[in-house]
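# no sequence on hand, only this structure:
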Ligand code: ARG
């Protein structure tokens, strides 16, 4: 495991050294290196520096160039325009750097300089309810962030804050007491998808029936209310029935997560109920510190900058006037648990942007309490709404929320059709397996390739298209490379640093070299779409390379080896990058 500095960072370092050698009075100035179309890199930092030192930028730039000692990496540096440096690295430097990456199973990507413990709150559906597209986004984005952060060396603790507590359970449990066989299964547990479906349809039926009864039968309503009290006071029989709802829902959740090709471990599922024992204490601490005050019987936290349309302050209600605890009390208790017991220094919440005000108030309250501070901070990775093709929030034609499983099944069907059409030597089983990998990949990629904060249109036709910025395009690029590597037979990939590179080889090589830096940026900013963008560009560079540079029919055997080497490293980088997004790269498509 050896990390490999990128050419960009090597060049940046050489320039910085030359800058301080030529202009000691500049202190440590940043040469501001960027990738560029004119050369490989351009440095713009001398302009600002010249202004500061009141010098002529072109002259200063010349002095910096003179101060760079002879070396193998730089082929050419020229001063251009008002005082930019255009820098071209040597072909040898590119190939040698890539060879060092290829020799490492992490592709030379270093661990982050500073790592700690992050708790990620994601994939948090609600018990006894259907999962919808919002839950999909949280799961997909959260899962990618978990993988990316772990890859950088961060210790990641996953928390699935499922909605498993609340007054609706009084009604559900009471109904189940009066109709004890409503949750029984007909299918066996061996078929997870079928039993997941059955679990949800049982829960749905029970939910609707109990709601109808609750709304029409005053006596049932009263019994349900008593049942809430029994639940909250920990009555054993009531808790056991509540547990049945949770278990039943988990069968369903796990079947959906399974379809999503996502691993969710039971110990990481700590829902709202998991903080039940802390709620009293959380309120007491808030009140003792004066952070929360009583207002009209409720325990509230006020904020100067949070007001309703009428200009009156809108408080965060920690305990309602009837003594019930809400969402805020649970979230505040969860923060205490995550910071004090799990020893997290970063808390990430992958939650719908429509809950941003809630989190702003919860985080601010926790800061006032000192639960969040310089050593422990929290961020919401807020995501936008999923829209239908018409640009309105995604609904069925009847105006109902779309069931997540239906969407997944449809994506898999469409993808299987695409795979079947292209398939040459695939068996039916292989088509089914690839169809699932392509269909689920398509859904994940569509979500991850736009900035999380933005709304996006759910358009299956576009998602499974072979052209454009889709996972299928990336998966085909990967599979095509594998097929070339198979065809190469005993001609093996081997880096040949002595060979001159064609423009398309240089462009591909320099992009491959940026993988580690891209990941560092993505991990730091929680922006997986930048990884998706990087991979798409990688596949595009590869497509150009493939069109311009014959691999198996190259001029010399050495050139074939070197091109196979570029193919192989591209494939490995695609594979690793896609895996971090939670997307499979089948060897054959
Ligand atoms: N269950 C909630 C929902 O479906 C999301 C929970 C988000 N996490 C949290 N710690 N509040 O909207």
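Arrived safely. Quick caveat, the model's predicted, so the values are computed rather than measured.
# rest of the way, CA atoms for contacts and neighbours
OK.
# you'd agree residue 155 is up against residue 117?
Yes - contact criterion C-alpha atoms under 8 Å: residue 155 and residue 117 qualify, at 4.7 Å.
# give me the more crowded residue out of the two.
A direct count of neighbours by other C-alpha atoms under 10 Å for residue 155 and residue 117 places residue 117 higher, at 20 against 15.
# residues in contact with the more buried one?
Residues counted as contacts of residue 117 (C-alpha atoms under 8 Å, 6 or more residues apart in numbering) are 154, 155, 156, 157, 343, 344, 345, 346.
# quick one, phi psi at the second one?
Dihedral angles of residue 155 (phi, psi; degrees, to the nearest 10) stand at phi -80, psi 120.
# quick one: low-confidence parts of this structure?
1, 188-189 (pLDDT under 70).
# show me the domain layout of it.
7-89, 427-580 (automatic domain parsing).
# just the terminal-to-terminal distance for the last one.
In this case it means domain 427-580. 28 Å (C-alpha to C-alpha, to the nearest Å).
# the residue at the greatest distance from the centre of the chain and the ligand: what is the separation?
Distance from the centre of the chain peaks at residue 219, with 47.7 Å (C-alpha atoms, centre = their mean). Noted for residue 219: a distance of 30 Å to the ligand, by C-alpha to the nearest ligand atom, to the nearest Å.
# touching the helix or strand where that residue lies from outside, list them.
Residue 219 belongs to helix 218-232 when assigned by DSSP states H and E. The contact list for helix 218-232, computed with C-alpha under 8 Å, 6+ apart, reads 167, 169-174, 213-215, 238-239, 242.
# what does stretch 121-141 give?
Outside stretch 121-141, the residues that reach it (C-alpha under 8 Å, 6+ apart) are 142-143, 158-164, 200, 203-204, 207, 245-246, 249-250, 253, 271, 347-352, 383, 385-386, 401-405, 444, 447-448, 452, 528, 582.
# that stretch spans what distance, first to last residue?
11 Å.
# how about it: buried residues?
Across stretch 121-141, burial judged by 16 or more other C-alpha atoms under 10 Å covers 121-141.
# now the residue in the stretch 351-500 of the chain positioned nearest to the ligand. Nearest residue, chain neighbours left out?
Using C-alpha to the nearest ligand atom, the closest approach of the stretch 351-500 of the chain to the ligand is made by residue 351 at 5.5 Å. What sits nearest to residue 351 in space, not counting adjacent residues and going by C-alpha to C-alpha, 6 or more residues apart in numbering, is residue 382, at 5.3 Å.
# that neighbour contacts residue 452, doesn't it?
Yes - using C-alpha under 8 Å, residue 382 is in contact with residue 452, at 6.9 Å.
# which one of the two has more residues nearby?
residue 452 (24 against 19).
# phi and psi next, for the more buried one.
Torsion angles, degrees, to the nearest 10, at residue 452: phi -50, psi -40.
# start at 19, not 1
I'll keep to 19 as the first residue from here, and by that count the last item is residue 470.
# any idea how far it lies from residue 483?
21 Å.
# please apply the same query to residue 555.
For residue 555, the distance to residue 483 - C-alpha to C-alpha - is 17 Å.
# and if you look at residue 398?
Counting by C-alpha to C-alpha - residue 398 and residue 483 are separated by 32 Å.
# neighbour count for these two, which is higher?
The residue with more neighbours, out of residue 398 and residue 483, is residue 398; 20 against 17, by other C-alpha under 10 Å.
# what helix or strand is the more buried one on?
strand 395-401.
# picking that back up, check contacts around the residue nearest to residue 369.
367, 368, 369, 370, 371, 374, 470, 471.
# out of the residues you listed, which are buried?
By 16+ other C-alpha under 10 Å, the contacts of residue 400 give 367, 368, 369, 370, 371, 470 as buried.
# so which of these are in strands?
Judged by DSSP state E, those include 367, 368, 369, 370 as members of strands.
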